[in-house]
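> give me the fold of what follows.
(chains A and B)
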Number of protein chains: 2
Amino acid sequence: MSISPRWSRRNLLAGTASTIAGATLARVAQAQTAPAPAQPRALPPYVAWKDPSQVIVHTATTIETKRSAFGTSVITPTDRLYIRNNLPAPDVSIVANRDAWEVAIEGVRQPRTLSVADLKSLGLETTAAVLQCSGNGRGYFADKPSGTKWTVGAAGCVIWSGVPVRSVVAALGGLADGARFMTGTGGETLPAGIDPKSVMVERSVPLRAMGDALLAWEMNGEPLPHAHGGPLRLVVPGYSGVNNIKYVKRVAFGATETDAAIQKTGYRMSPPGAKGDPSQQAVWEMDVKSWINGPTSEGGPVKAGLVQIHGVAMGATRALRRIDVSLDGGQTWHEARFVGPDLGRFAWRQFVLPVVLQPGQYMLASRAQDAQFNWQVEHSPANGGGYLNSGWRSHALPVTVA
Amino acid sequence: MSISPRWSRRNLLAGTASTIAGATLARVAQAQTAPAPAQPRALPPYVAWKDPSQVIVHTATTIETKRSAFGTSVITPTDRLYIRNNLPAPDVSIVANRDAWEVAIEGVRQPRTLSVADLKSLGLETTAAVLQCSGNGRGYFADKPSGTKWTVGAAGCVIWSGVPVRSVVAALGGLADGARFMTGTGGETLPAGIDPKSVMVERSVPLRAMGDALLAWEMNGEPLPHAHGGPLRLVVPGYSGVNNIKYVKRVAFGATETDAAIQKTGYRMSPPGAKGDPSQQAVWEMDVKSWINGPTSEGGPVKAGLVQIHGVAMGATRALRRIDVSLDGGQTWHEARFVGPDLGRFAWRQFVLPVVLQPGQYMLASRAQDAQFNWQVEHSPANGGGYLNSGWRSHALPVTVA
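So this is what the prediction gives:
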């Protein structure tokens, strides 16, 4: 498995964090063994245009951005952005005539099927938002839940352009009575001979998500790539990846959540080892989270002296208030500085802490605080699916300074 | 020439603008003749990775973004960003080991040559900024000055990451006495047998530009492409493209401007037909400017009904205060709305005006106002080099609604 080096490092990290003593620049005692890089897998043809040197190919439908590949420019380049598909993508012919793609809008006073060309006439909004797989960080859960062992790279910050869903609803006479959920249905081709509800990508989010949601045809300034849901994606800022429906062909407002398996039993905050059921919290809004990406995250030792420690922090649905960095695995914290443009509450922000480091071992950690004074947690609760891991301790980064 | 269709359209535009009468939704009387597209030129090998469908190749060193290719997501994708080189780029081997590239810092108390690795330890800043060729819009000047006939596409909004120049200066003991200019020298290989001063890319900007300047190694989240100045570029936000030195190998602070021809006589606001000389204003800060990119800019007619008119507006060195749109070539104006994230005063912003259009001919224009109440001008002054054209009238866009 190409993820094994990271997974090994995470275990190593857990083993060393408790050994750090009090000094501000405490050094981790044990040497960090750099695991040999695993053999990289080739990119599958539908994303052959991604940069193979900047991603980790777990499988053809699960591709992670390397921790070293996020850069410091806020936006995640499309050719480095992660991929997570629940079903194989539909045929690429669906982007041959993007403006002709149709989406049915239901649960409004005047239900209609609209083309992308129609949508483009109805409104325009541009929103920068973190797109993050519900399972990002799963590889850091100590109980090793099943599923792709993502570390930090099933996430990116991208800029979406499209029409606000609320504008579409307004143009169709407003919501029908009783709407409590917004349900999006993906345009994937379903395998034959199987109950569609058991495999289809159809997700419901609470109606409160509608105000920020877009029907988006553009990402990072280019027509939305097929691999990322083009021609049209339902973007629900602040909600984890699975709620952002690719190739969306239907948006329905109604009183209940869909009974598709991916909603009913999938993506639930179930107890470890237990299956999901509708009584459990759905995986919807993401949590306040941050992690460090440099001065090194996968490379060799850092040169002693002045160093710029940097990373990304997200408030998920809220603006950020503060970011702290620790050099000693959380024994002591230093307030760091946000740098670069603030792209709004759904985006992430870059942060930096300049510090003079002596030779030794360090455990770099970060914890973010949102505008409502919620701190990033030290440990996210273990759950059956390994979802929404934002614990700062498991995301810490061991660094050797020489 | 691949630019001839645009040039023709511009002439057509000038011919029709005066015919528009007073009504809010006045229609242009004459039919707009759509010129046949010119044969596209192929991308030169060093930028073979650009998207050939989204750019206009004037020559191997002058490549323009199509007006229809800007999208509505603020950032200009790197594979659509314009290219303008004064000399052929140095060999691509200079990016084989990016961290080893060196830049000499002179005119400080402790002059030193620093590697990119050194610079990365000294500081980190991320700035979104419009990069615009000094001659962008030259194709719209009525007196047809010589040089590439850029329309709107020798510009883009990108995100730079690097170290603030002021941090480098501080680390080297501060400025030496008497500094009034910051001079950057490019790393191009100069042709043999010619006075280097006559061809070298070496530009001076006033010291006030230092506060915002970066030595940048990253653009749009990826290591700065060689074609855009990698491994290291001197970025001077708010200043036109030529002042942003590619492959920068020297930054010097001193009492005088460089006597390289590109500064002494080149890029001066000379009278039409006259040569440049040092007594004339240098081409430095850009002006407040805007233009419309859609709902169509190079395509067929727009469907009657509700339409989203959109474009980009820049304050150059100041935040934007307001943006107006006209449907009748400037007879009447409507305040439009900025949309999407505000990336700071050096970036551009997207704007949109929703309007119901009846069938007919329209002349879409926009005019921006900066935070100091400076309006975008109607006509920029003609000048020998055809520089800094920001006149709203010549940038107007004829559109047919059917």
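
> got any ranges where the stretch 201-350 of chain A has weak pLDDT?
Within the stretch 201-350 of chain A, the segments meeting pLDDT under 70 span A:299.

> OK, contacts around residue A:190?
A:87, A:196, A:199-200 (CB atoms under 8 Å, 6 or more residues apart in numbering or on different chains). In short, each C-beta sits where N, CA and C put it, glycine included.

> those residues: which two are farthest apart?
A:87 and A:196 (11.1 Å; CB to CB).

> the two: who's more crowded?
For residue A:87 versus residue A:196, neighbours defined as other CB atoms under 10 Å in any protein chain shown are more numerous around residue A:87 (16 against 11).

> hmm, the more buried one is touching residue A:202, no?
No - with contacts counted by CB atoms under 8 Å, residue A:87 stays clear of residue A:202, the gap being 11.2 Å.

> mutual contacts of the two, please.
residue A:186.

> packing partners for the helix or strand harbouring residue A:325?
Residue A:325 is located in strand A:320-326, with elements delineated by DSSP states H and E. Secondary-structure packing of strand A:320-326 (3 or more CB pairs under 8 Å, 6 or more residues apart in numbering or on different chains; DSSP states H and E): strand A:305-314, strand A:334-335, strand A:348-357, strand A:360-370.

> can I get these in CSV including distance to chain B?
Listed next are these as CSV, based on distance: least, CB to the nearest CB, whole Å:
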stretch, distance to chain B
strand A:305-314, 5
strand A:334-335, 16
strand A:348-357, 5
strand A:360-370, 15
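
> now, the contacts of residue A:190 that are in helices?
A:196, A:199 (DSSP state H).

> can you give me the strands in the stretch 1-150 of chain A?
Secondary structure of the stretch 1-150 of chain A by DSSP state E, counting those that start in this stretch: the strands cover A:55-59, A:62-65, A:83-84, A:102-106, A:112-115, A:125-132.

> so which of those strands comes closest to chain B?
strand A:125-132 (3.0 Å; CB to the nearest CB).

> and chain B, is that closest one touching that?
Yes - interface with chain B: strand A:125-132 contributes A:125-128 (CB under 8 Å from any CB of the partner chain).

> just put these in CSV and tack on pLDDT and neighbour count.
Formatted as CSV, those follow (pLDDT from 0 to 100; neighbours: other CB atoms under 10 Å in any protein chain shown):
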residue, pLDDT, neighbour count
A:125, 98, 23
A:126, 98, 26
A:127, 98, 25
A:128, 98, 26
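
> and of these, the nearest to residue B:307?
residue A:125 (15.8 Å).

> about what we covered before: got a markdown table for the helices and strands packed on strand A:320-326, with distance to residue B:311 and mean neighbour count too?
Converted to a markdown table, the helices and strands packed on strand A:320-326 look like this (distance: least, CB to CB, whole Å; neighbours: other CB atoms under 10 Å in any protein chain shown):
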| stretch | distance to residue B:311 | mean neighbour count |
| --- | --- | --- |
| strand A:305-314 | 30 | 23 |
| strand A:334-335 | 40 | 12 |
| strand A:348-357 | 28 | 21 |
| strand A:360-370 | 34 | 24 |
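
> on the pLDDT front, check the most centrally placed residue in chain A for me.
Residue closest to the average C-alpha location in chain A (CA atoms, centre = their mean): residue A:132, at 0.8 Å. Looking at residue A:132, its pLDDT reads 98.

> tell me the contacts of it?
Contacts of residue A:132 by CB under 8 Å, 6+ apart are A:154-156, A:240-241, A:286, A:314.

> in helices, which of these fall?
Counting by DSSP H, the contacts of residue A:132 contribute nothing to helices.

> make a PyMOL selection of the buried ones in these.
In PyMOL syntax, the buried subset of the contacts of residue A:132 is picked out as below (16 or more other CB atoms under 10 Å in any protein chain shown):
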select buried, chain A and resi 154+155+156+240+241+286+314
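
> export the contacts of residue A:132 as a markdown table, with columns for distance to residue A:99.
Shown next, in a markdown table, are the contacts of residue A:132 (distance: CB to CB, whole Å):
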| residue | distance to residue A:99 |
| --- | --- |
| A:154 | 31 |
| A:155 | 30 |
| A:156 | 26 |
| A:240 | 29 |
| A:241 | 26 |
| A:286 | 32 |
| A:314 | 33 |
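
> what is the nearest of the contacts of residue A:132 to chain B?
Using CB to the nearest CB, those come closest to chain B at residue A:156, 9.2 Å.

> shouldn't the closest one be in contact with residue A:84?
No - judged on CB under 8 Å, residue A:156 makes no contact with residue A:84 at a distance of 11.2 Å.

> run through the strands of the stretch 151-300 of chain A in chain order.
A:155-164, A:181-185, A:202-206, A:214-219, A:222-223, A:233-235, A:250-254, A:289-294.

> now tabulate those in TSV and tack on distance to residue A:388.
What follows is the strands of the stretch 151-300 of chain A, written out as TSV (distance: least, CB to CB, whole Å):
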stretch	distance to residue A:388
strand A:155-164	12
strand A:181-185	20
strand A:202-206	15
strand A:214-219	22
strand A:222-223	30
strand A:233-235	19
strand A:250-254	24
strand A:289-294	9
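
> dump the strands of the stretch 1-150 of chain A to TSV, plus distance to residue B:305.
Below are these laid out as TSV (distance: least, CB to CB, whole Å):
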stretch	distance to residue B:305
strand A:55-59	43
strand A:62-65	41
strand A:83-84	37
strand A:102-106	18
strand A:112-115	13
strand A:125-132	19
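
> relative to residue A:217, how far out is the nearest residue to residue A:119 once chain neighbours are set aside?
Closest residue to residue A:119 apart from its sequence neighbours, by CB to CB, 6 or more residues apart in numbering or on different chains: residue A:163 at 4.7 Å. Residue A:163 sits 8 Å away from residue A:217 when distances are taken as CB to CB, to the nearest Å.

> between these two, which contacts overlap?
Shared contacts of residue A:163 and residue A:217, defined by CB under 8 Å, 6+ apart, comprise A:119-120.

> can you give me the end-to-end distance of stretch A:333-346?
25 Å (CA to CA, to the nearest Å).

> got the contact list for residue A:274?
Residue A:274 sits in contact with residue A:384, where contact means CB under 8 Å, 6+ apart.

> neighbours of the residue lying closest to residue A:91 once chain neighbours are set aside, just the number please.
Leaving aside its sequence neighbours, residue A:91 sits nearest to residue A:189 (CB to CB, 6+ apart; 7.4 Å). By other CB under 10 Å, the residues close to residue A:189 number 11.

> got the contact list for residue A:189?
Counted by CB under 8 Å, 6+ apart, residue A:189 has contacts A:87-88, A:90-91.

> format these as CSV; extra columns: pLDDT.
Below are the contacts of residue A:189 laid out as CSV (pLDDT from 0 to 100):
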residue, pLDDT
A:87, 93
A:88, 88
A:90, 92
A:91, 93
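
> how about the residues of the stretch 51-200 of chain A near chain B?
By the rule CB under 8 Å from any CB, the part of the stretch 51-200 of chain A lying against chain B is A:70-78, A:80, A:117, A:120-128, A:159-161.

> what about 6 Å?
A:71-73, A:75, A:77, A:121, A:124-126, A:128, A:159, A:161 (CB under 6 Å from any CB of the partner chain).

> those: which two are farthest apart?
Counting by CB to CB, the most remote pair of these is A:72 and A:121, 38.0 Å apart.

> the more surrounded of these two?
residue A:72 (26 against 20).

> I'd guessed the more buried one sits against residue A:350; true?
Yes - here residue A:72 reaches residue A:350: they are 5.4 Å apart, a contact under CB atoms under 6 Å.

> now for the two: what residues contact both?
Both residue A:72 and residue A:350 are in contact with residue B:126, where contact means CB atoms under 6 Å, 6 or more residues apart in numbering or on different chains.
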